[in-house]
Structures are given as C-alpha cells and as structure tokens.
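Trainee: Quick one: sequence and predicted model below, then my questions.
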Amino acid sequence: MRSDPVVQVRSLVKRYGGKTAVDGLDLVAGAGVTAVLGPNGAGKTTTIETCEGYRKPDSGSVSVLGFDPVREAAALRPRVGVMLQSGGVYSGARADEMLRHVAGLHAHPLDVDALTERLGLGSCGRTTYRRLSGGQQQRLALAMAVVGRPELVFLDEPTAGLDPQARRATWELVRDLRGDGVSVILTTHHMDEAEQLADDVAIIDAGKVIAQGTPEELCRGGAENTLRFTGRPALDVASLLKALPADSTAAELTPGAYRVTGKIDPQLLATVTSWCAQHGVMPDRISVERHTLEDVFLELTGKELRS
Ligand SMILES: Nc1ncnc2c1ncn2[C@@H]1O[C@H](COP(=O)(O)OP(=O)(O)OP(=O)(O)O)[C@@H](O)[C@H]1O
C-alpha cells in the first residue's frame, strides 16, 4: 500500500509570536491512512493546516502531492479534501445546499444523496448549519471534505464528539475511501481509532515527530510483555518488584490497578500469583497483554496533562 509520499514535511518550523508551535518537524506520509497523534498543543493542527495551505512555514518546506500548498494552491484544491476542526461554513446555509455547492465544484463528485444517507444526514438536508447538532455539523464537514472524490483528504479529529454510531459510520467511510485509493491524513485523540484505521502512525510532541511506524511496529517488542492485575489499592509494589527478575517493572497505575512489565513467561506469572498469595491478595483479574498504542503513546509523551 505504501508508495511515493503524498505528504512530505521537512524541517517545518511555525511560530505564533514567541511561541514555537512546530519545531523542525519531519513527516513523510504515503498512500493509505496516516494517523497523526499527539497531546493537546503538540502542533498537529498547525502542521495539518500548513499542509492544507492555510499557514505559511516560517522555515522548512511542505510538499503535498508534489505541490507547494501555498504557491500551488490552485492546482491542489480540486485534488485535496479538507475537514476543519470547526468553522469555514456560512451558518445560515442549508446542509444540502452546502454539500451540493461543494459537489458542483468538482468534476466527478460522489452521489450527494447516497453520501448524506450514509452519514445519517438524510433528514437534515433543509436544516440550516447553525441548527444542526454538533455531531451533525461534524458529519456534514466530513461529507464536504470527501464529496469531491479527492485523492487526499485531511481529517482533523473527524470523530471528536460523535456518538458511537456516527463514529462507526465515519470509520467505515474512511475504510472505503482507503479502499478506493484515497490517501487520508487524520488527527485523532482516540488511540483505538488510529489502531483500527491507520496504516501508519506519527506521534507528535512539542512540535516534533517523536515516533512513526505502523501500529504493529510501534507496539512491537510489546508482545506479551505486560501483565496486569487488579487487587486492593496501595499494595507494596516495591516488595513485589523484589520478587521479580531484574529487568522487570511493577507499578500501580490507578488505585488497585497494577502493571508488571518485563519478560512475561509462565515463571513470572507464577511469581506474581505466589507473591499475591503470600500477601493475602486475591486479584480480581489477571491478564497478559500486548502493549496497546495508548501504552506506547503515554510512554513516549508522558502522563502529565498538557496546558
Ligand atoms: N493562532 C494561534 N495563535 C497563537 N498560538 C497558537 C495558534 N494556534 C495554535 N497556537 C499554539 O500553538 C501550539 C500548537 O497548537 P496546535 O493547535 O497546532 O496543537 P494540536 O496538537 O493540534 O492541539 P490539540 O490536540 O489541542 O488540538 C499550542 O501551544 C497552541 O496554543
């Protein structure tokens, strides 16, 4: 599936006044679905908006389908779909008018009725944008981004605030776009979304890409290397750690939820259960797990809240 880059960002720097939002970022995205993850304020939207041509790099360069998104915007416009986090829409216009208007700007648009039905917007056609619910506005923005059959579509948090049904409908649409050869760059805070949809994941922190790879690559090395159990809060993890092999870790992640990492084999499982028995601990649940993308994300970006 991977091929020539559809998006290539080199040493991108973008500042707002004294604040460096993007700090020498390098990113290559090929065909398929690329998920861009990162904590709040990491620089994802700034990077995506620079790729969309809405912002000019302070330094570095961006190439989208081989074009400069600012200087060659006219060449890119018919080939790229953009879903903004919010705004960009006249709030008094009716949903179907807006979608048909955007469809009319393209040579081979998708069938508008089928698309609105698909995204559960069939009954909203005559409703003005401002009267749509937040989730309906979101779905309309998605429909507007894809109706022109773009080669590449940028989706900035496409499922933020959507109910589970709308989220699934969005995932199916993204999968179908991918199946039709459309490349997708999506930002999301939902790790399961990235795991479900992405061929490639880039994790951004403090304005730089700090890890990139397939979800499997990012989680690799994590195969069966985490053991979790739940028990009563505030167990003596230092004592548990002493019972474990030298390269293990043991931590209480949230009260009563414990994680052991290291070489998780039958011997280590026996050690943990035997330690529990010695300490009168009856675990409610013990599981041996692969690292999830969320584990990797939190390990790389830390657990503290970002301002
Ligand atoms: N127009 C702006 N003016 C000033 N500062 C801005 C502007 N846009 C973004 N920033 C700052 O730049 C940094 C990066 O913001 P950006 O929106 O790119 O992050 P993000 O990764 O998309 O965050 P989130 O996950 O919260 O959407 C933040 O510190 C933000 O406050």
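Mentor: Happy to help now that I have it. Predicted, not measured: the structure shown is a model, and the values here were computed from it.
Trainee: And G104, how close does it get to F154?
Mentor: Going from G104 to F154 by CB to CB, to the nearest Å gives 21 Å. In short, each C-beta sits where N, CA and C put it, glycine included.
Trainee: my guess is G43 meets L27, correct?
Mentor: No - using CB atoms under 8 Å, G43 makes no contact with L27, being 10.6 Å away.
Trainee: of those two, who's got more company?
Mentor: Per other CB atoms under 10 Å, whichever of G43 and L27 has more neighbours is G43, with 24 against 21.
Trainee: Please read off the pLDDT at the more buried one from the model.
Mentor: Here the pLDDT value assigned to G43 is 96.
Trainee: What of D163?
Mentor: Model confidence at D163, given as pLDDT, is 90.
Trainee: Residue numbers of the stretch 1-150 of the chain in contact with the ligand?
Mentor: When proximity is defined as CB under 6 Å from any ligand atom, the stretch 1-150 of the chain approaches the ligand at 16, 19, 21, 38, 40-46.
Trainee: circling back to that earlier point, the more surrounded of G104 and F154?
Mentor: Per other CB under 10 Å, whichever of G104 and F154 has more neighbours is F154, with 24 against 11.
Trainee: so where's the stretch 1-150 of the chain uncertain?
Mentor: Scanning the stretch 1-150 of the chain for pLDDT under 70 picks out 1-3, 85-89.
Trainee: go with 90
Mentor: The stretch 1-150 of the chain contains residues with pLDDT under 90 at 1-4, 77-78, 83-98, 105-107, 118-139.
Trainee: Tell me where it has helices.
Mentor: According to DSSP state H, counting those that start in this stretch, the stretch 1-150 of the chain carries its helices in the segments 44-51, 73-76, 95-104, 112-118, 134-146.
Trainee: Please report the distance of V288 from A198.
Mentor: As for V288, its distance to A198 is 25 Å (criterion: CB to CB).
Trainee: Looking at these two, which is more packed in?
Mentor: A198 (25 against 15).
Trainee: Please name the residues that touch that one.
Mentor: Neighbouring residues of A198 by CB atoms under 8 Å, 6 or more residues apart in numbering: 33-35, 186, 214-215.
Trainee: And those residues, which is closest to D58?
Mentor: Closest approach between these and D58, by CB to CB: T34, at 23.5 Å.
Trainee: Read off the pLDDT value for the residue nearest to the closest one when sequence neighbours are not counted.
Mentor: If the residues on either side of it in the chain are set aside, T34 comes closest to D200, at 4.7 Å by CB to CB, 6 or more residues apart in numbering. Note for D200: predicted pLDDT of 97.
Trainee: D200 against E216, yeah?
Mentor: No - using CB under 8 Å, D200 makes no contact with E216, being 10.8 Å away.
Trainee: These two: which is more packed in?
Mentor: Each of D200 and E216 has its neighbours counted (other CB under 10 Å); D200 has more, 23 against 13.
Trainee: on contacts alone, who are the packing partners of the helix or strand where E216 lies?
Mentor: Per DSSP states H and E: E216 is located in helix 215-219. Judged by 3 or more CB pairs under 8 Å, 6 or more residues apart in numbering; DSSP states H and E, helix 215-219 is in contact with strand 200-205, helix 293-301.
Trainee: hmm, the last one touching the ligand?
Mentor: It stands for helix 293-301. No - judged by CB under 6 Å from any ligand atom, helix 293-301 and the ligand are separated, with a smallest distance of 11.0 Å.
Trainee: quick check: angle from that helix to strand 200-205?
Mentor: 40 degrees (axes from the mean of the first three to the mean of the last three CA atoms, to 10 degrees).
Trainee: mind listing what's buried in helix 293-301?
Mentor: The neighbour-count check on helix 293-301 (16 or more other CB atoms under 10 Å) flags 293, 295-297, 301 as buried.
Trainee: Same question for stretch 262-280.
Mentor: Neighbour counts over stretch 262-280 (16+ other CB under 10 Å) mark 262, 264, 268, 271-272, 275-276 as buried.
Trainee: possible to save these as CSV with secondary structure?
Mentor: Output for the buried residues of stretch 262-280, formatted as CSV (DSSP: H, G, I helix; E, B strand; the rest coil):
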residue, secondary structure
G262, coil
I264, coil
L268, helix
T271, helix
V272, helix
W275, helix
C276, helix
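Trainee: just those residues now: which is nearest L162?
Mentor: In terms of CB to CB, no member of the buried residues of stretch 262-280 lies closer to L162 than I264, at 36.1 Å.
Trainee: dump the residue contacts of that closest one.
Mentor: 224-227, 288.
Trainee: Which residue ranges of the stretch 201-307 of the chain form helices?
Mentor: In the stretch 201-307 of the chain, the segments counted as helices under DSSP H, counting those that start in this stretch are 215-219, 237-243, 266-278, 293-301.
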